[in-house]
Each structure stands twice: as structure tokens, then as C-alpha cells.
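Undergrad: no letters, just coordinates:
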């Protein structure tokens, strides 16, 4: 019963939501289901937060490898939660207009602008080194196809990186870089998106048919 009940609930609500798109009479039921899904997602986010605190708190308490990174994670998470809650309550006390602005107060905006954005920029700056390392690892493959693919990948990465450097007047490389981004890269991105869409559709159909049972995992 513990395995059948979640499967039946998933299939019933899944098919009901799907039918609302083709039967306008019961379309309002879809909005109710979406609101219920938002509420469930909120509770899932709360449970996920408690799980993060439990897992990393246990690692810190038992001094397992990497406990310092867990401490930094929990400390930053706790500080942001406290600041966000405080600014949200303050906005609600000040009035409805301030409450509409959400929890993005001055301190939260400062944290976002001077901590989160620099960290994201630093990670983006590591991308060229990761590309060079990936190309080097690919060239070390023994197969001929791997060598050709790695060389092509390395040449393309060099062209794209040099075409973006503002220190030199490399107009031909800039034009070639724009063509690579606009034609082959865009085609590959769209192919990936199509594959993701087909994969999501296939997975959804398997869940609706009862072939996959994610609730029993």
C-alpha cells in the first residue's frame, strides 16, 4: 500500500493536469493544482534546508574531512537567512509598499553586489583554464577520433578566447568567433535543448504510465 498509494496519486494528478490543457471546462482545476504544487515545493524547500543543516552539522560535529567548508556553508546560509528574515519583517512593519519590495533590502543587495557577483565572476574567469585543461586531457586520448576531436576543440577554444581579448586588434578572429557562437554553438545548444525536452517528455510519460516510480525510491 505504501508503494501503490503514491503511484496512484501521482498518476491521477498528472493525468488531471494534462487533461486540463485539452478540456477548457476543467481548466480552473489546473490553477488549483499549481497552487498546491507551489505549497508542496515550499515545504520541500524547508525540509531540504533542515537536511542541509543536519548533514553538514554532523560533518562539523564529527570533524570529518571538509568540515571547514561545511562550516562556511552553514554560517553564510544562517547569516543570509537571518538578514533576509529581519529585512522582510521590517518591510512588512513599515507598510504595504515596503513589503512589496520583498526581502531585498540594503544589506541583502550589498551581499549580492559585493559577494555573490564577485564570486560568480571569479568562477567565470576560471572557464578558460578549464577549457584548456579539458582540451589537454582530450588530446591525451589514444584513439584517433579522440585526438581529432580534441584538436578541433582546442583550436575552437583558442579562436573564441583570442577573439574576445581586447588587447589586440584581431578583427578576423573576432568575426570568426562571432560566426562560431552564432552558427555551430547555437546549433549545438538548440540540439541539447531539444534533447532535454524530449527526455523530459519521455520521463513524464513513463511516470504517467506507472513505468517509473520516483515516489518509491
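TA: Noted; the coordinates are in hand. Predicted model, so just to flag it, every value in this text is computed and none were measured. Residues are numbered from 1 along each chain as shown.
Undergrad: rest of the way, CA atoms for contacts and neighbours
TA: Will do.
Undergrad: what is the longest helix belonging to the chain packed up against?
TA: Criterion DSSP state H: the longest helix present in the chain is helix 27-61. Helices and strands touching helix 27-61, by 3 or more CA pairs under 8 Å, 6 or more residues apart in numbering; DSSP states H and E, are helix 4-20, helix 67-94.
Undergrad: lowest average confidence across these, which one?
TA: Least confidently modelled of these is helix 4-20, at a mean of 78 by mean pLDDT.
Undergrad: angle of that one against helix 27-61?
TA: 140 degrees (axes from the mean of the first three to the mean of the last three CA atoms, to 10 degrees).
Undergrad: and helix 4-20, how far out from the chain middle?
TA: Chain-centre distance of helix 4-20: 26 Å, with CA atoms, centre = their mean, to the nearest Å.
Undergrad: ok, stretch 186-204 next?
TA: On CA atoms, centre = their mean, the centre of stretch 186-204 falls 16 Å from that of its chain.
Undergrad: quick one: buried residues of the helix or strand where residue 206 lies?
TA: In the assignment (DSSP states H and E), residue 206 maps to helix 186-209. Of the residues in helix 186-209, 205, 207-208 count as buried by neighbour count, 16 or more other CA atoms under 10 Å.
Undergrad: I'd like the residues you listed written out as JSON lines, with pLDDT and distance to residue 83 added.
TA: Formatted as JSON lines, the buried residues of helix 186-209 follow (pLDDT from 0 to 100; distance: CA to CA, whole Å):
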{"residue": "205", "pLDDT": "81", "distance to residue 83": "43"}
{"residue": "207", "pLDDT": "77", "distance to residue 83": "40"}
{"residue": "208", "pLDDT": "76", "distance to residue 83": "42"}
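Undergrad: wait, which of these is closest to residue 30?
TA: Distance to residue 30, by CA to CA, is smallest for residue 208 among these, at 16.5 Å.
Undergrad: I figured the closest one hits residue 13, correct?
TA: No - judged on CA atoms under 8 Å, residue 208 makes no contact with residue 13 at a distance of 9.3 Å.
Undergrad: after the least confident helix or strand in the chain by mean pLDDT comes which helix or strand?
TA: Every helix and strand in the chain was compared by mean pLDDT, DSSP states H and E; the lowest is helix 96-99, with a mean of 48. The helix or strand immediately downstream of helix 96-99 is helix 106-111, counting by DSSP H and E.
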